[in-house]
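J.: okay, here's the prediction I keep looking at, along with the sequence it came from:
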Amino acid sequence: MLRRVLIVFFPALLLRAQSADLDDCLEALARTAATFAATAPGLTAEETLDQRGRRGFVEVLKKKNDKIKNLDVKLPEEFHSHHVVSSYALAEIGEGRVLHEIRTIVTMDGESITTAAEAHHALTIGLRSADDRTKRELLENLERNQLEGAVTDFGQLILLFTKRLQKDYVFSLAGGQHLGDEPVFVLGYRQISGAQGLTVFRERTEETSTATGQIWLRQKDLLPIRITMNTTERILPLSKKFTIRTEATVDYMPSPFGLVPESVTHKQFLSAGPANDSLMVENDFHYADFHHDNAEIP
């Protein structure tokens, strides 16, 4: 059934793609987001994460003249690398049934955390559980295992641009590019309202940040195949000196289940000004073997 939806959708766009304007791009973006919202819940895959990050939290050195806004901070000097393989899924969580990434770690740095079968079993129970606490634990899995810069919710980034949410952004056509050999239209965006954004876990708190970035759409059918995102947040609520700057690129690919994430690159910087960025963490996610698992839980 999903294959028929895709076959109908793409040729309808082919007639207009070569001379697409902003309205064409936004219409195609909204349609793809709607299809993703319908097909993604319950989708599972294998996720591989390669991470390089500074170990530990930012240290507050001192405050000048007893003013919090003049606090100085120091980053840990040492970087640590991790290679993590997880069972990954997209699940609807909470009263609003918001789509989130959940995962169970299988191996970390070559050490087995659980077996693949056990991880898959836990993930399947989480997907089917009516208890959102179970899903919440899976949602925070990377953060609980002491990985630096635990950021989630990249896979469903496309859902920020549904028809209903497009009013929260200013869009502009930014010309053409190539992604490999594929010609694309580039759509710029800037968030101006709305509570949606990138979910960040830091010291057991959950925050969201507003965003700017680009959406790359294949010229031949206006399918979104890349979304970039940039966010900035204050590291301390009352300090204007330091911010955390996030850069992310999500590449999507078509599949029998609709659009799915193929890879994510993500970096966070401690910023003390336009020319003073210090890398905190960089993550490289890759996904494989997407499927819907309808097997019974043993």
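T.: Thanks, I have it.

J.: tell me the mean pLDDT over the helix ranked longest in the chain?
T.: Longest helix in the chain, counting residues (DSSP state H): helix 22-39. Average pLDDT, helix 22-39: 96.

J.: helices or strands next to that helix in the packing?
T.: On a contact count with 3 or more Cβ pairs under 8 Å, 6 or more residues apart in numbering; DSSP states H and E, helix 22-39 meets helix 2-17, strand 169-179, strand 182-191, strand 212-218, strand 224-234, strand 258-271. Every residue, glycine included, has its C-beta placed from N, CA and C.

J.: cutoff 6 Å now
T.: Counting contacts by 3 or more Cβ pairs under 6 Å, 6 or more residues apart in numbering; DSSP states H and E, helix 22-39 is packed against helix 2-17, strand 258-271.

J.: send me it as CSV with only the CA atoms.
T.: Below are the C-alpha coordinates for helix 22-39, written out as CSV (Å, rounded to 0.1, in the frame of the first residue of the first chain):
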residue,chain,number,x,y,z
LEU,A,22,8.7,28.5,-3.4
ASP,A,23,5.1,27.4,-3.2
ASP,A,24,5.9,24.2,-5.2
CYS,A,25,8.7,23.4,-2.7
LEU,A,26,6.6,24.1,0.4
GLU,A,27,3.7,22.0,-1.0
ALA,A,28,6.1,19.1,-1.7
LEU,A,29,7.7,19.5,1.7
ALA,A,30,4.3,19.4,3.5
ARG,A,31,3.2,16.3,1.5
THR,A,32,6.4,14.4,2.3
ALA,A,33,6.2,15.4,6.0
ALA,A,34,2.6,14.1,6.1
THR,A,35,3.6,10.8,4.5
PHE,A,36,6.5,10.5,7.0
ALA,A,37,4.1,11.1,9.9
ALA,A,38,1.9,8.3,8.7
THR,A,39,4.6,5.7,7.9
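
J.: so it versus strand 182-191, what angle?
T.: On the basis of axes from the mean of the first three to the mean of the last three Cα atoms, to 10 degrees, helix 22-39 is oriented at 90 degrees to strand 182-191.

J.: okay, the angle between helix 22-39 and strand 169-179?
T.: 90 degrees.

J.: next SSE after helix 22-39?
T.: Next along the chain after helix 22-39, taking DSSP states H and E as the criterion, comes strand 43-54.

J.: residues in contact with that next one: which ones?
T.: The contact list for strand 43-54 (Cβ atoms under 6 Å, 6 or more residues apart in numbering) reads 75-76, 79, 81-86, 88-90, 148-149, 257, 280-290, 293.

J.: ok, and for stretch 253-262, which residues are buried?
T.: Buried residues in stretch 253-262, counting neighbours by 16 or more other Cβ atoms under 10 Å, are found at 254-255, 257-262.

J.: let's have the residues you listed in TSV, adding distance to Leu22.
T.: Formatted as TSV, the buried residues of stretch 253-262 follow (distance: Cβ to Cβ, whole Å):
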residue	distance to Leu22
Pro254	23
Ser255	28
Phe257	29
Gly258	24
Leu259	21
Val260	26
Pro261	25
Glu262	26
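
J.: in strands only, show me the contacts of strand 43-54.
T.: Using DSSP state E, 79, 81-86, 88-90, 280-290 are the members of the contacts of strand 43-54 that sit in strands.
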